[in-house]
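Trainee: fold the following.
(chains A and B)
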There are 2 protein chains.
Amino acid sequence: MPRLKNDTFLRALLREPVPYTPLWLMRQAGRYLPEYNATRARAGSFLGLCKSPAYATEVTMQPLARYALDAAIVFSDILTVPDAMGLGLYFAEGEGPRFERPLREEWEIANLTVPDLSELRYVFDAVAECRRSLDGLVPLIGFSGSPFTLACYMIDGRGGEGFPRTKAMLYARPDLLHRILEINARAIVPYLNAQIEAGAQAVMVFDTWGGLLSTAAYHEFSLRYLKQVVAGLHRNHDGARVPSILFTKGGGQWLEAMAEVGADALGVDWMTDLTVARARVGSRVALQGNLDPAVLGADADAVKRETARVLESFGKGSGHVFNLGHGIDRHTPPENVTILVDTVHELSARYH
Amino acid sequence: MPRLKNDTFLRALLREPVPYTPLWLMRQAGRYLPEYNATRARAGSFLGLCKSPAYATEVTMQPLARYALDAAIVFSDILTVPDAMGLGLYFAEGEGPRFERPLREEWEIANLTVPDLSELRYVFDAVAECRRSLDGLVPLIGFSGSPFTLACYMIDGRGGEGFPRTKAMLYARPDLLHRILEINARAIVPYLNAQIEAGAQAVMVFDTWGGLLSTAAYHEFSLRYLKQVVAGLHRNHDGARVPSILFTKGGGQWLEAMAEVGADALGVDWMTDLTVARARVGSRVALQGNLDPAVLGADADAVKRETARVLESFGKGSGHVFNLGHGIDRHTPPENVTILVDTVHELSARYH
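Mentor: Numbering: from 1, shown residues only, chains lettered A, B, ... in the order given. Prediction:
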């Protein structure tokens, strides 16, 4: 493997000194980029992109050609693991992800098993091909949905309504939900480790829906399994530390507990103030975030002003990876991302 | 006016001693009740219900006939004020509220004015008629949306997509958003005071979407105007204190700041732990909440267990009004509400 030319992102995750604050953007390869839409049209669909290592690599590299980002993230979906379990992931036009065969009956849950990794080969191939294409430019991130977030879609079959079936199971049949979560955690660990073995230099777990839970339920049904996942991850590969990042959207109230899980960094949404977040987690973890994605829908002055505010809210020292507080919006003007990237690189040096 | 037979709710809001924890449910007059659906069918529409004091009173009273609730809330909508400003509130079938004429042009914002209270007469008439029908059974709550939450719908015209136009205005033209918020606050104060004069014995401000803001933006665009509203409210009427309740859904991280606004109580969503919330606000305010509405979609055992957990999380002493952490879901089985109400009344005595 070629030597990494820019390790700022990895160093910031490990709270080592860096010359400036590194940044990448959740969903940086996405529909706001015309070149992404062109590739997607050729691939035929979102899943066509995900399942073709060549297309996945092509779109993974697109934002790096435009912007001086400090990390790449393999193009994939958070729901690949339940798809490999046989639930039938699909995307209705203009809608979020859905499963053809959600878990509706108790026997379906009893029959659920950890999928064979060969079913997810296309992801590992994409990771390997992205890593080759990057040629040491910046580090590559692998990822998965969290055990709880996977369960939400596996049980309800779709998002958009607050996952009422998942919630009903949580309260009425917690034993069934625990079985699903246990299997998910046992599937995610080898899935992320296989991404690391294929070339991912950091991994991120997206707990997109953990923030819908009560504090007690978050601890019992999400955090507990996040801990199990993190405990099973390779900490080193190929002579290098492989940092891990946990992100619970809407989890700002639980940062102290999340900092105890053992991950190197926590993603922070835009509702949480980074000054407060940093004071609460201390030196236990790095923080990644947290510009409101809506800022990129405003004008250049707003992008500069709000970017400066996020940098200032974290303050001096290492341990900050700049990002949005959620995925980039599809209506984002690409030129506003240029301003964001330039502003982070220009203004952040003074904090280091 | 007849003497109030049950003032537990008002006393708990003022943190005075009570024999048990009072409760009511956000959206307690709603689609989960077959009798509500029957009245709505006769009225022809949701707005038909709101705008007819007779129908509004009928549905306000329905949950009280079924359940031993400790408060009534006048049947109305959070968006009556911008409707009175001429924006044209309507409800598409199966959708949330929308405005026919959202604020799209700068001149429309320049022309916006505080509406004449005569345009909202139907609300004050409904309050007065509800108060007469209650005949002292329990206190009556009046309410409004918050300045920021009204602005979200006034600018975007509808919910469901995170209010991108509102967010873009907030970041690119904060001056325009401040003008709208200022007018909203100046409209809400006399609107709530007129409800108090018509018979509302407590008032609540619903900041349903304040939780979408960054911490800095929440302070500047929501909390500041909540403070302005609370400062203008009648504190007493007809010889009695009129307590006020603020509720920012998703605002759990900002409870300390909210406690400084001057309201008597804060609504708390189900994501926030009441033990933590109480420690943070101290004795400055009472707390209202916070059962996950999804619990009512589970079974009787779950309703009892989770209700007990909420009571225990607040703990001993006055200053707790039991409620859900959000409006009751339309699919709630009415018999689960019976279990909830009975459980709160049975189990809560030991905390007082």
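Trainee: spell out which parts of the stretch 151-300 of chain A neighbour chain B.
Mentor: Residues of the stretch 151-300 of chain A found near chain B (Cβ under 8 Å from any Cβ of the partner chain) are A:162, A:164, A:167-168, A:170-172, A:211-218, A:250, A:252-253, A:270-273, A:276, A:292, A:294-295, A:297-299. Using the backbone N, CA and C atoms, a C-beta is placed for each residue, glycine as well.
Trainee: strands of the stretch 1-150 of chain A, start to end?
Mentor: Per DSSP state E, counting those that start in this stretch, the stretch 1-150 of chain A carries strands over the ranges A:72-73, A:89-91, A:97-99, A:140-145.
Trainee: next, count neighbours for A:Pro333.
Mentor: As a burial measure, A:Pro333 scores 15 neighbours (other Cβ atoms under 10 Å in any protein chain shown).
Trainee: again with A:Ala65
Mentor: Using other Cβ under 10 Å, A:Ala65 has 8 other residues around it.
Trainee: follow-up on the earlier one: among the residues of the stretch 151-300 of chain A next to chain B, name the buried ones.
Mentor: Among these, those scoring as buried are A:167-168, A:170-172, A:211-215, A:217-218, A:250, A:252-253, A:270-273, A:292, A:294-295, A:297-299 (criterion: 16 or more other Cβ atoms under 10 Å in any protein chain shown).
Trainee: gap between the two ends of stretch A:226-246?
Mentor: 8 Å (Cα to Cα, to the nearest Å).
Trainee: er, stretch A:71-88 actually
Mentor: 31 Å.
Trainee: list the buried residues of that stretch.
Mentor: Neighbour-count burial for stretch A:71-88, counted by 16+ other Cβ under 10 Å, picks out A:71-85, A:87.
Trainee: out of the residues you listed, what pair is the most spread apart?
Mentor: For those, the maximum inter-member distance is 30.1 Å, found between A:Ala71 and A:Leu87 (Cβ to Cβ).
Trainee: wait, isn't A:Ala56 in contact with A:Gly48?
Mentor: No: taking contacts as Cβ atoms under 8 Å, A:Ala56 lies outside contact range of A:Gly48: 9.8 Å.
Trainee: state the number of residues packed around A:Arg31.
Mentor: Count around A:Arg31 with other Cβ under 10 Å applied: 15.
Trainee: and the gap between it and chain B?
Mentor: 15 Å (Cβ to the nearest Cβ, to the nearest Å).
Trainee: quick one: pLDDT of the closest residue to that residue other than its chain neighbours?
Mentor: Leaving aside its sequence neighbours, A:Arg31 sits nearest to A:Arg330 (Cβ to Cβ, 6 or more residues apart in numbering or on different chains; 3.9 Å). For A:Arg330, the pLDDT comes out at 95.
Trainee: doesn't A:Arg330 belong to a helix?
Mentor: No: counting by DSSP: H, G, I helix; E, B strand; the rest coil, A:Arg330 falls outside a helix, being coil.
Trainee: in contact with it, which residues?
Mentor: A:Gly30, A:Arg31, A:Tyr32 (Cβ atoms under 8 Å, 6 or more residues apart in numbering or on different chains).
Trainee: I'd say the last one and A:Asn336 touch.
Mentor: Okay, so that is A:Tyr32. No: at 9.2 Å, A:Tyr32 does not count as touching A:Asn336 under the criterion of Cβ under 8 Å.
Trainee: relative to chain B, how far out is the closest residue to A:Thr57 other than its chain neighbours?
Mentor: Leaving aside its sequence neighbours, A:Thr57 sits nearest to A:Glu129 (Cβ to Cβ, 6+ apart; 4.4 Å). Using Cβ to the nearest Cβ, A:Glu129 is found at 34 Å from chain B.
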